[in-house]
Structure formats: C-alpha cells, structure tokens
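> Let's see this in three dimensions:
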Amino acid sequence: MSSPIWRKPGAFETNWPAYSPTAAPSALDHPRFAATLKHMRSDRFVFSLLLAFMAATHVAAKESAAKLYRWVDKQGKVHYSDTIPAEAAYHKRIIYDKAQVRKLKVVEKPKTKEELAREARLAQLRKEEKRLLQEQLAKDRALLRTYRSEEDLQLALKGQLNTIDARIRVLEANIRRLQTLLKSKIAKAAEMERNGREVPKALARNIASLRKQIQLAEAKIDHEAQAKESLQRKFVQDIERFRRLQAHLHQAEAVATTRPDTRPSAKQRIILSVASCRPDVDCDRAWQLARIYVQTHATTPLFINSDTIIHTLDPKNDKDIALTVARIRGKEKDTLFLDVRCKLSTVGQALCHSEQVREMRAG
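Reported below is the predicted structural model:
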C-alpha cells in the first residue's frame, strides 16, 4: 500500500502546478482563481464604464432638457419659443423647464451705455461719500480722545482765544507806535514846505514806509479777528458734535443696511440724486437746505452735521429711512449727493425700492 500523498518526499502531488514544499501553498496562485480574478477585474472595469456612461447620459439629458423661453417685445406682445430668436436677445426673458413647468432663470435685457454710465457715476459718488464719512469719523474719534468733557473744550477754546487776543494787542501797540512816528514825520515835512524848503526824498520814503507798515499791521489784525471768529464757529460745531457723540455713541454701532439701486434692474431706472453749485454762497445756501431736508425726511436721529457730510444714524427698524448728503468738492463746482439707507431685511429692501423713496431721492 502506497504512502499517503502528504508523506511522499518532494513536491506535492495535486492538480495544482508543482509547488515548493518550502513555502505554504496559496489559493491565489491557483490558475482558476487567477482567471476568476482577472474576469472580476474586467467586470469591474466594465461596470465603472457603465456607471460613467450613465452619469454622463444623465447630465447630458439634464442639460438638454427642453426649455421654454418667454419674452415681451417692444409692442408689449408676449412670445414663447423653444429657442432664443435674435430679436429676443435685446429683451428681458424668462427661461422655463418645459417638462416640469417651472422657472429656471430670468435674464435681464442688456444695459445701455447710458445705464452703464449712470451705474459707474453712482459707484463713484458712493465712494466719495464713504471717504468723507470716514474722514469725519476719524475727526470724531480724535475729538473724543482729546476732550473728556465740555469743560475741557471750553478751556481749550479760552486758551486759543487768549493767544489770538495777545497777538492782536501786540499789533495794536505797534500800530500806535507807528502812527506816532508817522505824525512826527508828516509834521516835519509840512514845516519844511511852509518854510519853502523841498522835502527830502528820504523823508518822503520814510513816511510812505510807515504808512505801509501800518496798513500791514491793520491787515494782520483783520486776519486775527477772522481767525478768532472761525475758531468760535468751530467751537460751536465741536461742542454740538461732542454732545451728539455722547448722546448717540451707544446707538452708533454699524447695522447691516441696503440702498436703492444696490442691484439695478430693468424695472427701475437709476436715480442720481445730485445737485451742482458754485463753491460760495450758492453752495452754502444749498447745504443749509440739504440739512433741513435730511432732518425733515429721515426717521433716524442726525449723527453727523459737518461742512462736508450730513449723516443720520443707521436704520434700526424695518420702516426706518436713514439719509446721507455728501458735499464733494470740485475744481469749479461742488456736487451735493443724497443717498438713502434702509434696514437689510425683506421689508427694508422693499421700502428702499418703493415709490416713496424714489420720490424722496428725486427731491
């Protein structure tokens, strides 16, 4: 009787290929398993291709889904079509999913050169408005850092006024001295003329020089007086500003706001609320009227009231309307720009696009 196969020396006697007894046999080395594995890999590759094909087919089917285009021509007639005709390119159109009967997208009509120019102008005006506002807020921060109370402001004003008054007193004393000297020189020249003598040129030049010095000193006094008046006006503004800052500082936090024409559309034409004026009495009068207009129409308290910007607090409620007027300096003319802010909410956005606000901006 022959020995069992596992007791024979040498290679294993199986249907598998000869295998070295020094290593354990592995099923992965069997030719049938290798063929099966190869077949499985081939199936997996085919399955991956099938999935990719199905995905691409789904995307293509989705992209090529039947669409319906709706637009209104210049005569107000409504059109529907499966494709976009050439004449529809210049009109607003709505794209629908034909199968599911739902709106996909609204395409606004192309903007005209005039509309694009107005948008650019509006953006530039708001940029200047922002610059002026930031400059004023920087001055406000400096004011609060410098003075802690109205008494500090009063003391600072008193010190500056005393300095100006001291300079004026020095100039007045100098004028009195020059006038005394001038009278003496004039009397001497008059006496010489009475005696029939010719007035020396040096004396005549001296008299002319004294008169000119007196005129210059008087001009300096006028300048100092104007500086004093300007300082007093500035103090009135600073004290008013200081009080307003103290009163509304807790209300001045930034609030998310929206503005008319933030997203211009074909429904409404952009309104540029601007006025030009000569930078003198005309603009000063217009600025006073602008201040009255803001205080009359804004529903939020006045927060900034300077020579370059009038600004109310940001809107807190849905029905609030905040106004800003910026005075943008120009070489020949100044530009007054009125802007509106509403609360960033559904009601606030509707308010900013309402006829009420449009009329307000139209002035």
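> Let me see the mean pLDDT of the strand or helix carrying residue 174.
Residue 174 is part of helix 150-194 when elements are defined by DSSP states H and E. For helix 150-194, the mean per-residue pLDDT is 95.
> show me where this structure has strands.
Per DSSP state E, the chain carries strands over the ranges 67-72, 78-81, 93-97, 102-107, 257-258, 274-277, 302-305, 309-312, 322-328, 334-343.
> Ok, which of those strands comes nearest residue 248?
Closest approach to residue 248 among the strands of the chain is made by strand 302-305 (5.8 Å; C-beta to C-beta). Backbone N, C-alpha and C define where each C-beta goes, glycine included.
> what comes up buried for that closest one?
Buried residues in strand 302-305, defined by neighbour count with 16 or more other C-beta atoms under 10 Å: 302-305.
> re earlier: now distance to residue 161 too, for the strands of the chain, in JSON lines please.
As requested, the strands of the chain are exported to JSON lines (distance: least, C-beta to C-beta, whole Å):
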{"stretch": "strand 67-72", "distance to residue 161": "70"}
{"stretch": "strand 78-81", "distance to residue 161": "75"}
{"stretch": "strand 93-97", "distance to residue 161": "70"}
{"stretch": "strand 102-107", "distance to residue 161": "65"}
{"stretch": "strand 257-258", "distance to residue 161": "41"}
{"stretch": "strand 274-277", "distance to residue 161": "33"}
{"stretch": "strand 302-305", "distance to residue 161": "23"}
{"stretch": "strand 309-312", "distance to residue 161": "28"}
{"stretch": "strand 322-328", "distance to residue 161": "28"}
{"stretch": "strand 334-343", "distance to residue 161": "31"}
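> what's the single longest helix in the protein?
For the chain, the longest helix by residue count, based on DSSP state H, is helix 201-248.
> So which elements touch that helix?
Where contact means 3 or more C-beta pairs under 8 Å, 6 or more residues apart in numbering; DSSP states H and E, helix 201-248 is packed against helix 113-146, helix 150-194, strand 302-305.
> The closest residue to residue 243 other than its chain neighbours and residue 188, how far apart?
Spatial nearest neighbour of residue 243, chain neighbours left out: residue 150 (7.4 Å); criterion: C-beta to C-beta, 6 or more residues apart in numbering. Between residue 150 and residue 188 the computed distance is 57 Å (C-beta to C-beta, to the nearest Å).
> With residue 116 instead?
Between residue 116 and residue 188 the distance is 79 Å, computed by C-beta to C-beta.
> between those two, which one's more packed in?
Neighbours were counted for residue 116 and for residue 188 using other C-beta atoms under 10 Å; residue 188 has more, 15 against 12.
> Just confirm that one contacts residue 206, I think it does.
No - Residue 188 lies out of contact with residue 206 (C-beta atoms under 8 Å); the separation is 9.7 Å.
> hmm, back to that, report the contact partners of the residue nearest to residue 243.
By C-beta atoms under 8 Å, 6 or more residues apart in numbering, the residues touching residue 150 are 239, 242-243.
> what do you get for residue 323?
293-294, 297-298, 310-312, 338-341.
> if we can go back for a sec, would you format the buried residues of strand 302-305 as a markdown table with pLDDT included?
Formatted as a markdown table, the buried residues of strand 302-305 follow (pLDDT from 0 to 100):
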| residue | pLDDT |
| --- | --- |
| 302 | 91 |
| 303 | 90 |
| 304 | 91 |
| 305 | 90 |
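> which one among the residues you listed gets closest to residue 128?
residue 304 (15.1 Å).
> Please report how far that closest one lies from residue 298.
12 Å.
> give me the low-pLDDT residue ranges for the protein?
Applying pLDDT under 70 to the chain picks out residues 1-65, 249-255, 261-270, 363.
> Could you chop this structure up by domain?
Taking automatic domain parsing as the reference, the chain has its domains at 67-107, 145-251, 253-262+270-362.
> then stretch 94-112 to PDB, C-alphas only?
The C-alpha trace of stretch 94-112 is given here as PDB (Å, rounded to 0.1, in the frame of the first residue of the first chain):
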ATOM      1  CA  ILE A  94     -37.700  84.100 -18.600                       C
ATOM      2  CA  ILE A  95     -36.500  80.500 -19.100                       C
ATOM      3  CA  TYR A  96     -38.800  77.700 -18.000                       C
ATOM      4  CA  ASP A  97     -38.200  73.900 -17.700                       C
ATOM      5  CA  LYS A  98     -40.700  72.700 -20.300                       C
ATOM      6  CA  ALA A  99     -41.100  69.200 -18.700                       C
ATOM      7  CA  GLN A 100     -41.700  70.300 -15.100                       C
ATOM      8  CA  VAL A 101     -43.200  73.700 -16.000                       C
ATOM      9  CA  ARG A 102     -41.000  75.700 -13.500                       C
ATOM     10  CA  LYS A 103     -39.000  78.900 -13.800                       C
ATOM     11  CA  LEU A 104     -35.300  78.200 -14.300                       C
ATOM     12  CA  LYS A 105     -33.800  81.700 -14.700                       C
ATOM     13  CA  VAL A 106     -34.600  85.300 -15.500                       C
ATOM     14  CA  VAL A 107     -32.200  87.000 -18.000                       C
ATOM     15  CA  GLU A 108     -32.400  90.800 -17.900                       C
ATOM     16  CA  LYS A 109     -32.100  92.800 -21.100                       C
ATOM     17  CA  PRO A 110     -28.600  94.100 -21.900                       C
ATOM     18  CA  LYS A 111     -27.800  97.500 -20.300                       C
ATOM     19  CA  THR A 112     -27.500 100.600 -22.500                       C
END
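> Cool, thanks, signing off.
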